[in-house]
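Novice: Sequence below, structure please.
(chains A and B)
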Number of protein chains: 2
Amino acid sequence: MTTVFIDGLGLIGASLATFIKENNPNTRIVGNDLNPENLAYLQEQGLLDASCPFEDGAKEADVIILASPVAVICQRLKELADLPLKDGVLVSDVGSSKVQIEQSAQALIKKGVAFLAGHPMAGSHLTGAKNVDTNRLVNHSYFLIQENTSQEQMATFKELLSAANFDFRIVDAASHDQIVAASSHLPHMVAFALASTVNKAREASSVDWGKPAAGFLDATRIAKADATMWTSIFLSNPKQILSELDDFEQEIGRLKQAIQDKNADELFDDLKAAQAARLRMEKE
Amino acid sequence: MTTVFIDGLGLIGASLATFIKENNPNTRIVGNDLNPENLAYLQEQGLLDASCPFEDGAKEADVIILASPVAVICQRLKELADLPLKDGVLVSDVGSSKVQIEQSAQALIKKGVAFLAGHPMAGSHLTGAKNVDTNRLVNHSYFLIQENTSQEQMATFKELLSAANFDFRIVDAASHDQIVAASSHLPHMVAFALASTVNKAREASSVDWGKPAAGFLDATRIAKADATMWTSIFLSNPKQILSELDDFEQEIGRLKQAIQDKNADELFDDLKAAQAARLRMEKE
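Specialist: Residues are numbered from 1 along each chain as shown, chains lettered A, B, ... in the order given. Predicted structure coming up:
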């Protein structure tokens, strides 16, 4: 019987547990989480067979999935290098940046342990096991970074998660971090800054603004995300995020200039190009 | 019988026609639009009694609603000052900025014509009469700027739109423009710039990025909005928008600095404050 140990049973960890049980009901899932509510909820749902300390879960597992914030994943990878793990164990993670994680996994990899870094693009501003909604999570991209994993181990991993119908994509760690810096980290950074700006303007105003506009709420939905998790993500991918922020500030600067110059043609061309790109991207 | 003339039967103009007919079926609605599809569609739906040129509609109306892009509204207000209008006519508009519109209405106001500037906060990235979805449009804030309108005329106007259950709020033009610069214009500007930045990074990459993340799509939904309309809005409220952009850039700058300094505490405090503000605002 395969035993999967999941360290961190928040939204993503609990989602993976749900998918694994769906197509592999005989797999034993053990888990660890700081929050006893996540553990109790998953045990009630029959999705978690046992909870145990990190060391114990790691030692008995055939597959280990690290699903805590990035900083914790990095620390866990170092701990794993010093633990007696089962022969043929596969270690994976779901962290949102990969270069730093890859560095933290070096000792483990040198010991010959198979490490398959991964990132399901299925996050949400919601957190915790109770918010798992597998309908919302299926069909997403799932990046995998091929470190030292055999084709067979890769196939086993994909089979475990087959219920989710993920679109698995093999990339290198640096490409991954550039992709998510632009497609996920930048939008979150912008949403946090936008929510702060509008909130401050609202609080400084002597007029009651009434209900916020639907457009603002949509544009800042992701600013409802967990601050601890995002602090960890931003600090784990600083170079790429700062580079994307520079590009974004240039875009803002060009639009600003067009407004200052009252240049309707240039402003229209920029907005039209942005609109066309956005419409194109949602069809991909 | 009351005749309402609506100039511009895109999403907002057509929505107002729908609401007026719902609670005032005997009101005659005449309209004008550059796009014959909007006119044909509304006539088929029984929401438009006749279409006619601007001058003809304006002359026979008891209530005139200008629902075209802001630059056109400004021009129409000047034209109205030179037309022989009915005694007691009420002129209103739905433009997204109000100071420039108020200035354009001065000649009309000097003639003693009642002008009630307005702005339903019920826009969408969708355009055109066919996309009217009154379920999505009810219960929104509707700003009104009290220029020279009697209480009776104000009551008549609100009664016409009673089906929408709008939350009418009387503000001055300058306050309105500051509110929408922060709550609507800034989020749109940011969404356009974000869509452009991510699109350029995606196109410059040698790797296939797969399906865009749901968070990015939400954050940029409003970048699907009409470029002509938004060019007109941005250029009609430049001072306030530029001021909000400055504040936004400061927020981005602070987050950037915290990342550069690897200052987890400061970054967390900023993200946590943004998250708390966003959660608070959606409950208002």
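
Novice: mind listing what's buried in stretch A:266-284?
Specialist: Neighbour-count burial for stretch A:266-284, counted by 16 or more other CB atoms under 10 Å in any protein chain shown, picks out A:266-268, A:270-275, A:277-278, A:281. (Glycine included, C-beta is placed from N, CA and C.)

Novice: is it possible to export these to a markdown table including secondary structure, distance to B:Arg221 and pLDDT?
Specialist: Converted to a markdown table, these look like this (DSSP: H, G, I helix; E, B strand; the rest coil; distance: CB to CB, whole Å; pLDDT from 0 to 100):
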| residue | secondary structure | distance to B:Arg221 | pLDDT |
| --- | --- | --- | --- |
| A:Glu266 | helix | 24 | 97 |
| A:Leu267 | helix | 20 | 98 |
| A:Phe268 | helix | 20 | 98 |
| A:Asp270 | helix | 18 | 98 |
| A:Leu271 | helix | 15 | 98 |
| A:Lys272 | helix | 17 | 98 |
| A:Ala273 | helix | 17 | 98 |
| A:Ala274 | helix | 12 | 98 |
| A:Gln275 | helix | 11 | 97 |
| A:Ala277 | helix | 13 | 97 |
| A:Arg278 | helix | 8 | 97 |
| A:Met281 | helix | 12 | 93 |
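
Novice: B:Glu22: which of those residues is nearest?
Specialist: Set against B:Glu22, the nearest of those by CB to CB is A:Gln275 (31.9 Å).

Novice: With B:Ser196 as the reference, measure out to that closest one.
Specialist: Noted for A:Gln275: a distance of 10 Å to B:Ser196, by CB to CB, to the nearest Å.

Novice: What segments of chain A are strands?
Specialist: Per DSSP state E, chain A carries strands over the ranges A:3-7, A:28-32, A:50-51, A:63-66, A:90-93, A:114-120, A:141-146, A:167-170.

Novice: what angle do the longest one and strand A:141-146 make?
Specialist: For strand A:114-120 against strand A:141-146, the angle between stretch directions is 160 degrees (axes from the mean of the first three to the mean of the last three CA atoms, to 10 degrees).

Novice: And the worst-scoring helix or strand of chain A on mean pLDDT, what's buried?
Specialist: Lowest by mean pLDDT, DSSP states H and E among the helices and strands of chain A is helix A:134-137, with a mean of 74. Residues of helix A:134-137 classed as buried: A:Leu137 (neighbour count, 16+ other CB under 10 Å).

Novice: List of residues touching that helix?
Specialist: Helix A:134-137 is contacted by residues A:15, A:18-19, A:22, A:120, A:122, A:124, A:163-164 when judged by CB atoms under 8 Å, 6 or more residues apart in numbering or on different chains.

Novice: Let me know whether A:Phe248 touches B:Ala195 as I believe.
Specialist: No - contact criterion CB atoms under 8 Å: A:Phe248 and B:Ala195 do not qualify, at 10.6 Å.

Novice: Looking at these two, which one has more neighbours?
Specialist: Taking neighbours as other CB atoms under 10 Å in any protein chain shown, A:Phe248 and B:Ala195 compare with B:Ala195 leading, 30 against 23.

Novice: A:Ser236 and B:Asp247, how far apart?
Specialist: In terms of CB to CB, A:Ser236 sits 28 Å off from B:Asp247.

Novice: quick one: is stretch A:87-105 near chain B?
Specialist: No - counting by CB under 8 Å from any CB of the partner chain, chain B is not contacted by stretch A:87-105; separation bottoms out at 10.5 Å.

Novice: Show me which residues of that stretch are buried.
Specialist: Buried positions in stretch A:87-105, judged by neighbour count with 16+ other CB under 10 Å: A:89-102, A:104-105.

Novice: what's the answer for stretch A:149-162, then?
Specialist: A:149, A:153-154, A:156-157, A:160-161.

Novice: does chain B sit close to that stretch?
Specialist: No - using CB under 8 Å from any CB, stretch A:149-162 stays clear of chain B, with a minimum separation of 15.5 Å.
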